[in-house]
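I'll drop the sequence and a predicted model, then ask my questions.
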Amino acid sequence: MAEIYKNFNAADDLIVGDVQVVSSPLWSENINPLSGGFASGVGFFTSSTQQTVAGAYYVDVYHRNPSTSTNAAVQFAVAYGNKNGSGSVGDANTVGQNVNDTPTRAIYSQYRNLLLPPTDLAFSFGSGVSKVTPDDVFILNINRARYRQKIDPGNWEIRIASGSGHLSGSGGTGSYLTFCDNSGANTDPSIGSAGRIFNIMSGSSGITTGSQVYGLFYPDAGVLIFNATLLSSSLGMVPTTEFNTAATSNTVKNAVSLFSRISASTYFAARSEEKVNSTHYFVRITNKQFNFSNNPTYVSGSNGTFVHSSMLRNPSVYVTSIGMYDDQNRLLAIAKLSQPLLKTFNREVLVKVKLDY
């Protein structure tokens, strides 16, 4: 009977707890940056169906046209929130201007509860005498499947078109503002309920310019919060902030207005950051081990005679896969070799199996 199992020596054959930080393109299909000019059919797209279902709250952004491409996937969402409930349609059954049930108030409250400690009732930007607390915010929420564990700080950049020429959402070329985080200059970020917090400032390639704080970046939550008042004035954009009961929600107007400017700039570069834990198993097969096979075609007859007489004193086998078993000899995983390895009495084999989790 050929040898089947061999136990690992934990001291010599295993390396446990190997951790590597892996940074990769944030967007689907490893596209980076997400740009209308990057490849045919790739850019910034929205879905009319999605806007019908949830457009009062947010607008999903796809990297391909969901109407024509089966590969279209949501990359991020754009939303507008107002702590007073302005800028969206309220409950039709409310009396007067009760804004407790408006989408903008719900959005603002949702992200406040997600990102701020219980004692903070509003988003504030800047510090000291420059600290401001506006009523409204724009939110870019990166899809969870895109950033995995976190967005890589200092490795993202977004351009947003400025000027009145982009108000209609028709896109096109023109001037734009560029934003990134200040992680390169901030070695001790603030830590909040949702993890690390960096300031969003003007700049590119991780290098910020000026001292104006445009927003807050939460890499561990995959969220960018912009000061809507400052961003709108800088872009030449006027959000709808009145409360009404019209048939069309102004929330989606504000979200689409910002989306159109992001789309017009045709540039959003970002990378994800993920810690990968690995265990390395060194499979060592000495010259006298695993030189026979249990395959019934290897021998013939009741006495186990070699089918090929040349193997009588020099049996040869080929290693094609390695099975990983638990203590009860139950197969848990199989490591496949790229090509068969010859194993004889005068040849030894060393294979490293790496398990990532």
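Great, that's in hand.

where do the helices sit along the stretch 1-150 of the chain?
Per DSSP state H, counting those that start in this stretch, the stretch 1-150 of the chain carries helices over the ranges 10-13, 48-54, 103-115, 144-147.

What residues of the third one count as buried?
Residues of helix 103-115 classed as buried: 103, 104, 105, 106, 107, 108, 111, 112, 115 (neighbour count, 16 or more other CB atoms under 10 Å). Where C-beta positions appear, they are placed from N, C-alpha and C, glycine not excepted.

on contacts alone, who are the packing partners of that helix?
If contacts are counted by 3 or more CB pairs under 8 Å, 6 or more residues apart in numbering; DSSP states H and E, helix 103-115 sits against strand 74-82, strand 136-142, strand 223-227, helix 250-265.

and with 6 Å instead?
strand 74-82 (3 or more CB pairs under 6 Å, 6 or more residues apart in numbering; DSSP states H and E).

quick revisit: nearest to residue 337, out of the helices of the stretch 1-150 of the chain?
Distance to residue 337, taken as CB to CB, is lowest for helix 10-13 among the helices of the stretch 1-150 of the chain, at 17.7 Å.

residues of the closest one that come out buried?
Judged by neighbour count (16+ other CB under 10 Å), helix 10-13 contains no buried residues.

Now for the spatially closest residue to residue 265 that is not a sequence neighbour: which residues touch it?
Closest residue to residue 265 apart from its sequence neighbours, by CB to CB, 6 or more residues apart in numbering: residue 159 at 3.8 Å. Residues in contact with residue 159 (CB atoms under 6 Å, 6 or more residues apart in numbering) are 176, 178, 265, 267.

repeat for residue 146
Contacts of residue 146 (CB under 6 Å, 6+ apart): residue 26.

now it: how far from residue 183?
Distance from residue 146 to residue 183, counting by CB to CB, to the nearest Å: 19 Å.

what does residue 107 give?
Distance, residue 107 to residue 183, by CB to CB: 26 Å.

same thing with residue 17?
According to CB to CB, residue 17 stands 27 Å off from residue 183.

These two: which has the busier surroundings?
A direct count of neighbours by other CB atoms under 10 Å for residue 17 and residue 183 places residue 183 higher, at 20 against 7.

which residues touch that one?
Going by CB under 6 Å, 6+ apart, the list of residues near residue 183 reads 153, 154, 198.

Any buried residues in the longest strand along the chain, and which?
If each strand of the chain is counted by residues according to DSSP state E, the longest one is strand 271-285. Neighbour counts using 16+ other CB under 10 Å place 271, 272, 273, 281, 283, 285 of strand 271-285 among the buried residues.

Run me through the strand neighbours of that strand, direction for each.
Each strand paired with strand 271-285, and its direction, by DSSP bridges: strand 14-25 (antiparallel), strand 150-151 (antiparallel), strand 349-356 (antiparallel).

Pull up the pairing partners for whichever helix or strand comes after that strand, direction included.
Toward the C-terminus, strand 271-285 is succeeded by strand 299-300 as the next helix or strand (DSSP states H and E). Using DSSP bridges, the strands paired with strand 299-300 are strand 305-306 (antiparallel).

low pLDDT regions in the stretch 151-300 of the chain?
By pLDDT under 70, the low-scoring segments of the stretch 151-300 of the chain are 164-174, 185-188, 243-248, 295-297.

For the protein, which residue occupies the most central location?
The centroid of the chain falls nearest to residue 147 when counting by CA atoms, centre = their mean (1.2 Å).

May I have the residues that are in contact with that residue?
Counting by CB under 6 Å, 6+ apart, residue 147 makes contact with 26, 222, 272.

just to revisit the earlier point, what strands flank the one helix or strand the residue nearest to residue 265 maps to, and is each parallel or antiparallel?
For residue 159, the enclosing helix or strand under DSSP H and E is strand 157-161. With DSSP bridges as the test, strand 157-161 is paired with strand 176-181 (antiparallel), strand 268-269 (antiparallel).

Save those as TSV, and put in distance to residue 82 and mean neighbour count too.
What follows is the strands paired with strand 157-161, written out as TSV (distance: least, CB to CB, whole Å; neighbours: other CB atoms under 10 Å):
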stretch	distance to residue 82	mean neighbour count
strand 176-181	21	21
strand 268-269	24	22
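
Dump these to TSV, plus distance to residue 125.
Below are the strands paired with strand 157-161 laid out as TSV (distance: least, CB to CB, whole Å):
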stretch	distance to residue 125
strand 176-181	13
strand 268-269	21
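
Looking at the ones you listed, which is nearest to residue 226?
When the strands paired with strand 157-161 are compared by CB to CB, strand 176-181 sits nearest residue 226, at 8.3 Å.

Give the closest residue to residue 65 in space, chain neighbours not counted.
residue 45 (4.7 Å).

Distance of the one you found relative to residue 51?
Distance of residue 45 to residue 51, computed by CB to CB: 12 Å.

State the pLDDT value of residue 114.
The model reports residue 114 with a pLDDT of 95.

quick revisit: let's see the longest strand of the chain as PDB, backbone CA atoms only.
Extracted in PDB, the C-alpha atoms of strand 271-285 (Å, rounded to 0.1, in the frame of the first residue of the first chain):
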ATOM      1  CA  ARG A 271      -7.600  52.200  -4.700                       C
ATOM      2  CA  SER A 272      -8.800  49.700  -2.100                       C
ATOM      3  CA  GLU A 273      -6.700  48.500   0.800                       C
ATOM      4  CA  GLU A 274      -7.000  45.100   2.300                       C
ATOM      5  CA  LYS A 275      -5.000  43.100   4.900                       C
ATOM      6  CA  VAL A 276      -4.600  39.500   3.800                       C
ATOM      7  CA  ASN A 277      -3.700  36.900   6.400                       C
ATOM      8  CA  SER A 278      -1.700  34.000   5.100                       C
ATOM      9  CA  THR A 279      -0.500  30.600   6.400                       C
ATOM     10  CA  HIS A 280       2.400  28.900   4.500                       C
ATOM     11  CA  TYR A 281       2.600  25.100   4.500                       C
ATOM     12  CA  PHE A 282       5.900  23.600   3.400                       C
ATOM     13  CA  VAL A 283       5.200  20.200   1.900                       C
ATOM     14  CA  ARG A 284       8.500  18.200   2.100                       C
ATOM     15  CA  ILE A 285       8.700  14.800   0.300                       C
END
